[in-house]
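S.K.: A predicted structure for the sequence below; I have some questions about it.
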Amino acid sequence: MPLNGWRGSKQPSLGQGGHVELAVVMRTDTGVVRQRNEDAVGADPDAGIVILADGMGGANAGDVASNLAVNLLLNRLLDTPGVASGPVDCDQLRLTVQEVNSAIYSAAQEMPECKGMGTTLVLGMFRGNDLIYGHVGDSRLYRLRGGELEMLTRDHSLVEELVAQEVFSSTEEARRSGVPGSVLSRAYGIFPYVEVDLEKTRLETGDLYLLCTDGLNGMLSSNEIHEYLMAGDEDLEQTADQLIEAACEKGGMDNVSVILVRVWDDKEAELLQQ
């Protein structure tokens, strides 16, 4: 169920996620300053798939790119053997992600008003006891486990690349030196081929995962995000709303989108469904 500019249902979506009980909540908001929402979010909880994208480009192109990324990728993943169910074939997953990247690039070549469009991408696939996740750009995936918040992705940005190359010792030093924080080193759909970071991590009962666009982490610090996740850990609907509202109250300079995924045990899932 792809979303763009919709605040979501009033009950978390429960799915098996390949034998893992998941609760999924999605929100996307235009923010305070922007006139259009160029973010998109989507999920199929029963297949254990969540996708988030932050589009970029002139006119309406960002909106087109993010929606293509979410809709095409979700549909193709659900139709792809070795990815749609059961253990994930990571080679096939990478190929499918590349095919959608090429499709977005081709669409941009065919539509002059969309030339140069692209998007960030964060993809999560919950299967068995594992999460397979991939990303391109500066949209993020966080995990709250045992009260500790960890960022699982690394921004594909000019700032982060310069820090990785040891040109600067930290992102703070790079920004103080005038390096713009919004310049991406990688984006989805800009070129026929893109390098996608794919990783796997073990799931634990009680894990809470947050996918977000930079409209959230650009307005809220990691400590603030941590506080909201800790305070609302048992109510994903309220937590998602509070994160969006807090980003808007801080200025809402960009579109802001979040997907929250909670890993339940069987008893918790039964209580939530009652």
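M.R.: It's in.
S.K.: how about the strands of the protein, start to end?
M.R.: Taking DSSP state E to define them, one finds strands in the chain at 13-15, 21-29, 39-44, 49-56, 118-119, 121-127, 130-136, 140-145, 148-151, 197-202, 208-212, 256-264.
S.K.: Redo those strands as TSV? Include mean neighbour count.
M.R.: The C-beta positions use only the backbone N, C-alpha and C, and glycine is treated the same way. Shown next, in TSV, are the strands of the chain (neighbours: other CB atoms under 10 Å):
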stretch	mean neighbour count
strand 13-15	19
strand 21-29	25
strand 39-44	27
strand 49-56	29
strand 118-119	31
strand 121-127	25
strand 130-136	23
strand 140-145	21
strand 148-151	13
strand 197-202	13
strand 208-212	25
strand 256-264	27
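S.K.: Mean pLDDT lowest where, among those?
M.R.: Here the lowest mean pLDDT among the strands of the chain goes to strand 13-15, at a mean of 68.
S.K.: and Val261, what does it touch?
M.R.: Contact analysis of Val261 by CB atoms under 8 Å, 6 or more residues apart in numbering lists Leu22, Ala23, Val24, Val50, Gly124, Phe126, Leu208, Tyr209, Leu211.
S.K.: 7 Å instead, please
M.R.: Val261 makes contact with Leu22, Val24, Val50, Gly124, Phe126, Tyr209, according to CB atoms under 7 Å, 6 or more residues apart in numbering.
S.K.: returning to what we had before: redo the strands of the chain as a markdown table? Include distance to Gly62.
M.R.: Shown next, in a markdown table, are those (distance: least, CB to CB, whole Å):
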| stretch | distance to Gly62 |
| --- | --- |
| strand 13-15 | 26 |
| strand 21-29 | 13 |
| strand 39-44 | 9 |
| strand 49-56 | 3 |
| strand 118-119 | 7 |
| strand 121-127 | 13 |
| strand 130-136 | 15 |
| strand 140-145 | 18 |
| strand 148-151 | 24 |
| strand 197-202 | 22 |
| strand 208-212 | 17 |
| strand 256-264 | 13 |
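S.K.: nearest to Asp91, of those strands?
M.R.: Of all the strands of the chain, it is strand 197-202 that lies closest to Asp91, at 9.7 Å by CB to CB.
S.K.: Report the angle between that closest one and strand 140-145.
M.R.: 10 degrees (axes from the mean of the first three to the mean of the last three CA atoms, to 10 degrees).
S.K.: ok now strand 197-202, how far from the chain's centre?
M.R.: Distance of strand 197-202 from the chain centroid (CA atoms, centre = their mean, to the nearest Å) equals 14 Å.
S.K.: which secondary structure elements does it contact?
M.R.: Counting contacts by 3 or more CB pairs under 7 Å, 6 or more residues apart in numbering; DSSP states H and E, strand 197-202 is packed against helix 90-110, strand 130-136.
S.K.: thinking Val194 is in contact with Asn101, fair?
M.R.: Yes - counting by CB atoms under 7 Å, Asn101 is a contact partner of Val194 at 4.8 Å.
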